[in-house]
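Chemist: how does the following fold in three dimensions:
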Amino acid sequence: MWPPDPDPDPDPEPASGSRAVPVVPGLRALLPARAFLCSLKGRLLLAESGLSFITFICYVASSASAFLTAPLLEFLLALYFLFADAMQLNDKWQGLCWPMMDFLRCVTAALIYFAISITAVAKYSDGASKAAGVFGFFATIVFAIDFYLIFNEVAKFLKQGDSADEATARKTEEENSDSDSD
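Modeler: Presented below is the predicted three-dimensional model:
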């Protein structure tokens, strides 16, 4: 998928009796792989992007337009992480702590969506504000699920590292006690 094939086949031979479908390799390189989009992380990022965009549109059409920047930023950040994960940029740019950035993005998004959704539903009476609040509550749930899953992955990773460190420390301790008894 990425990087794109440097020598794409310019003339794929169509099967007999079927119409030739034009292949656009340049645009396909921008699309995430189907396997990633079908994974749990891919579906969560798609849901976050979709709900953020719908919430943004609702806030644009409502009297609570002061809240439209938060869904717009979360939509753009969710799209960035969708393509970063799909293109495996976390493997290419190892200087960044991707799980921590994703975790902080999800935690702040859940908190901000929760706060502005309560305000939009309670303070404004127009239908678009109420719809934005409802979609914001759904987005809060999706972001909360995402940060819960990220937290569990990071905790499991850290626990594995701690158990390996403890085993090494015990082994060193046993070796030191054996050498002291001689």
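
Chemist: in stretch 113-123, what counts as buried?
Modeler: The neighbour-count check on stretch 113-123 (16 or more other CB atoms under 10 Å) flags 113-114, 116-117, 119-121 as buried. Just so you know, the C-beta spots here come from the backbone N, C-alpha and C atoms, and that holds for glycine as well.

Chemist: next one: it to chain centre, how far?
Modeler: Computed by CA atoms, centre = their mean, to the nearest Å, the separation of stretch 113-123 from the middle of its chain amounts to 24 Å.

Chemist: Ser62 is in what secondary structure piece?
Modeler: Ser62 is part of no helix or strand, with elements assigned from DSSP states H and E.

Chemist: you'd agree it is up against Val121?
Modeler: No. Counting by CB atoms under 8 Å, Ser62 stays clear of Val121, with 11.1 Å between them.

Chemist: let's have the buried residues of stretch 113-123 in CSV, adding distance to Met101.
Modeler: Formatted as CSV, those follow (distance: CB to CB, whole Å):
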residue, distance to Met101
Tyr113, 18
Phe114, 21
Ile116, 22
Ser117, 24
Thr119, 27
Ala120, 27
Val121, 30
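
Chemist: sorry, back to before: quick one: common contacting residues for Ser62 and Val121?
Modeler: Contact criterion CB atoms under 8 Å, 6 or more residues apart in numbering; residues shared by Ser62 and Val121: Ser129.

Chemist: who's in contact with Ser129?
Modeler: 58-59, 62-64, 120-121.

Chemist: rerun that using 6 Å as the cut-off
Modeler: Neighbouring residues of Ser129 by CB atoms under 6 Å, 6 or more residues apart in numbering: 62, 64, 120.

Chemist: now Val142
Modeler: In this structure, Val142 makes contact with 47-48, judged by CB under 6 Å, 6+ apart.

Chemist: per-residue pLDDT of it, please?
Modeler: For Val142, the model assigns a pLDDT of 95.

Chemist: just Asn176 next, same as before
Modeler: Looking at Asn176, its pLDDT stands at 68.

Chemist: just the element for Ile141, please.
Modeler: helix 127-181.

Chemist: should've said Leu96
Modeler: Assigned by DSSP H and E, Leu96 falls outside every helix and strand.

Chemist: ok, the nearest residue to Ala70 once chain neighbours are set aside to Val121 distance?
Modeler: Leaving out its chain neighbours, the residue that sits closest to Ala70 by CB to CB, 6 or more residues apart in numbering is Ile112, at 5.1 Å. In this view, Ile112 and Val121 are 15 Å apart by CB to CB, to the nearest Å.

Chemist: rewinding a little: residues near the residue nearest to Ala70, how many?
Modeler: Using other CB atoms under 10 Å, Ile112 has 19 neighbouring residues.
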